[in-house]
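Engineer: Build the 3D model from these lines:
(3 chains)
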Amino acid sequence: MPNPFFEVSGKSELLTGDLASLGGSFIPENFPHREVQIEKIVSILGSIMRDTRPSNIIIYGKTGSGKTSATRYVSRMLSEAAGSKVKVVYVNCQIFDSPYSILVEMANSFSRSTDENIPELGLPLDRIYNELMSRVNSFNRFLIVILDEIDKLVLKNGGDALYSILKTTDDTYGGKTSIIGITNDTGFQESLDARVKSRLNQESILFTPYNASELKDILNYRIKGVVRDGAIEDSAINLCAAIGAQEHGDARKAIDLLRISIEVAIRGKKGKVTDAEVYSARDKFEMDVLKEAVTTLPMQSKLVLLSAVVTQEIDSSLMVTGELYENYRSICTELGFQALTPRRISDIISELEDFGLISSSVKSMGRYGRTRIIQVMGSLESVRKYLLEDEDLSMFRGGKITRQYRFVTDPKDQQKARSEDLMQKLDDLRESVPDDH
DNA sequence: ACTCCACAGGAAAATTGGGGTA
DNA sequence: TACCCCAATTTTCCTGTGGAGT
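Structural biologist: Numbering: from 1, shown residues only, chains lettered A, B, ... in the order given. I've put the predicted structure just below:
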């Protein structure tokens, strides 16, 4: 009888190694089909071994093209080879997206203990800057700053952040700071202003999308030593590779898919991974991504998304900014949140679109104005379910839904609807407790 | 051809919340 | 404690605009 505890602990006769090596943050020892790019990075950074500052690098490539892990891989090797001569700082610009937070993050990477850390808020920028400079200089070695998702910096504050970081490459006496920017936006350069562009873009490296057969090689390489020989059918690997190839050659997706397939097979007590496991893994994968995206949203974004779900449930053809906003306000009232202004909600809608949770397109409705037509991605029930997992939202009963009067063609009906809407708003006002400010 | 809706989205002001110094 | 400094976030104010109605 197979030991049931092996199954509980995630072990199985399918496995010979640790499934974690198919996880997202794992950096492998080898990058099949990325030899050219890696060699180029190595040759640029190699100047450190000759005590010369390396050029700045910009790396382009879609998600899952290996740019981030290849870069980290190379910098890890460099640290091994160059020892204390070099310091590598990795900053994800999606999380640290202001000049202040990035400089602090850079400076704090030199701290040996938390009490040396610079606070995350409150200090003048140039002081942070000077502190960073003095730390870099006293360190007196090469500093390599990896800026992942560097395009987010430009998007959010017009390149100011980038400019202040680039200053570090000049002002360091001896000029020992280099920057590696990573982006998936190929038009990234055009959005830069000239002074930043000329300083930043000294070398660029393109990570081309993997094709299906390359993905297959990668998968085969990654499962070596993890899975018992023959535990995964060839066609299942091909399927994972094919799905990854469809998504702009996304290796991360292909690997995740394979990992989940294995998990599915283990849980289902299957002896091997077949196409069927991959297909159900794909469904699970989509759900996981959706759940992760929804549950990690900031509160206000959740409220807006909830409003989008509710609005679409009422009538998907009427999903426009104005309706969404009115319903958002009702929801805020019901749940006791302070509602933000339409301008901010407009931005939040754009943010939700960036996350792929909704899609929108601006459309002119002629007499009825110009607005965004919005649609929730994924199934409404799932999104709703994940949203209501938040205990602050779980009290949501359905909310008062504002009366619809836009696009009502008959002017008489429109007039009627408008006044009814107005009545309801007055009711709402009377019901609501007056704000104390 | 002209109007005007219902917003989009840029820019600047105002608010918020943290930190330093005296 | 009082006060001013800072960056981040949100609000206020604003100009711009595609096309159905007229």
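Engineer: CA only for contacts and neighbour counts going forward, please
Structural biologist: Noted.
Engineer: can I assume A:Ile128 is in contact with A:Val104?
Structural biologist: Yes. Counting by C-alpha atoms under 8 Å, A:Val104 is a contact partner of A:Ile128 at 6.6 Å.
Engineer: quick one, which of those two is more surrounded?
Structural biologist: A:Val104 (22 against 19; other C-alpha atoms under 10 Å).
Engineer: circling back to that earlier point, overlap of the contact sets of A:Ile128 and A:Val104?
Structural biologist: Jointly contacting A:Ile128 and A:Val104 under the rule C-alpha atoms under 8 Å, 6 or more residues apart in numbering are A:Ile118.
Engineer: Can you show me the helices along the stretch 201-350 of chain A?
Structural biologist: Ranges of helices in the stretch 201-350 of chain A, per DSSP state H, counting those that start in this stretch, are A:212-223, A:234-246, A:251-267, A:275-295, A:299-314, A:321-335, A:342-354.
Engineer: out of these, deepest packed?
Structural biologist: Mean neighbours per residue, mean count of other C-alpha atoms under 10 Å, is largest over those for helix A:251-267, with a mean of 23.
Engineer: now the angle between helix A:212-223 and it, please.
Structural biologist: 50 degrees (axes from the mean of the first three to the mean of the last three C-alpha atoms, to 10 degrees).
Engineer: Can you name every helix or strand that helix A:251-267 contacts?
Structural biologist: Judged by 3 or more C-alpha pairs under 8 Å, 6 or more residues apart in numbering; DSSP states H and E, helix A:251-267 is in contact with helix A:212-223, helix A:234-246, helix A:275-295.
Engineer: of all these, which lies closest to DNA strand B?
Structural biologist: Relative to DNA strand B, the nearest member of the helices and strands packed on helix A:251-267 by C-alpha to the nearest atom of the strand is helix A:275-295, separated by 21.0 Å.
Engineer: just to revisit the earlier point, closest to DNA strand C out of the helices of the stretch 201-350 of chain A?
Structural biologist: Comparing the helices of the stretch 201-350 of chain A under C-alpha to the nearest atom of the strand, the one sitting nearest is helix A:342-354, at 4.4 Å.
Engineer: Next, see if that closest one gets close to DNA strand C.
Structural biologist: Yes. For helix A:342-354, a contact with DNA strand C is found by C-alpha under 7 Å from any atom of the strand, at A:342-344.
Engineer: packing partners for the very next helix or strand once past that helix?
Structural biologist: As assigned by DSSP states H and E, the chain's next helix or strand after helix A:342-354 is strand A:358-364. In terms of contacts (3+ C-alpha pairs under 8 Å, 6+ apart), strand A:358-364 is packed against helix A:342-354, strand A:370-376.
Engineer: Look at A:Cys93 and report its pLDDT.
Structural biologist: If you check A:Cys93, the pLDDT there is 83.
Engineer: count of neighbours near A:Pro99?
Structural biologist: Residues near A:Pro99, counting by other C-alpha under 10 Å: 20.
Engineer: for DNA strand B, what are the nearby residues on chain A?
Structural biologist: Checking chain A against DNA strand B by C-alpha under 7 Å from any atom of the strand, the hits are A:119-123, A:320-323, A:343, A:346, A:350, A:362, A:365-372, A:406.
Engineer: who in chain A is up against DNA strand C?
Structural biologist: A:97-101, A:121-126, A:339-344, A:363-370, A:409.
Engineer: Output the helices of the stretch 201-350 of chain A as CSV; include the columns distance to A:Leu132 and mean pLDDT.
Structural biologist: As requested, these are arranged in CSV below (distance: least, C-alpha to C-alpha, whole Å; pLDDT from 0 to 100):
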stretch, distance to A:Leu132, mean pLDDT
helix A:212-223, 39, 90
helix A:234-246, 41, 92
helix A:251-267, 35, 90
helix A:275-295, 34, 92
helix A:299-314, 34, 93
helix A:321-335, 43, 92
helix A:342-354, 32, 95
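Engineer: and of those helices, who's closest to A:Ser204?
Structural biologist: A:Ser204 lies closest to helix A:251-267 among those, at 21.4 Å (C-alpha to C-alpha).
Engineer: What subset of the residues of chain A next to DNA strand B is buried?
Structural biologist: A:320-321, A:323, A:346, A:371-372 (16 or more other C-alpha atoms under 10 Å).
Engineer: Please identify which pair of those lies farthest apart.
Structural biologist: Taking C-alpha to C-alpha, no two of those sit farther apart than A:Glu323 and A:Ser346, at 12.0 Å.
Engineer: one step back: export the helices and strands packed on strand A:358-364 to JSON lines and tack on distance to A:Tyr210?
Structural biologist: Formatted as JSON lines, these follow (distance: least, C-alpha to C-alpha, whole Å):
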{"stretch": "helix A:342-354", "distance to A:Tyr210": "24"}
{"stretch": "strand A:370-376", "distance to A:Tyr210": "30"}
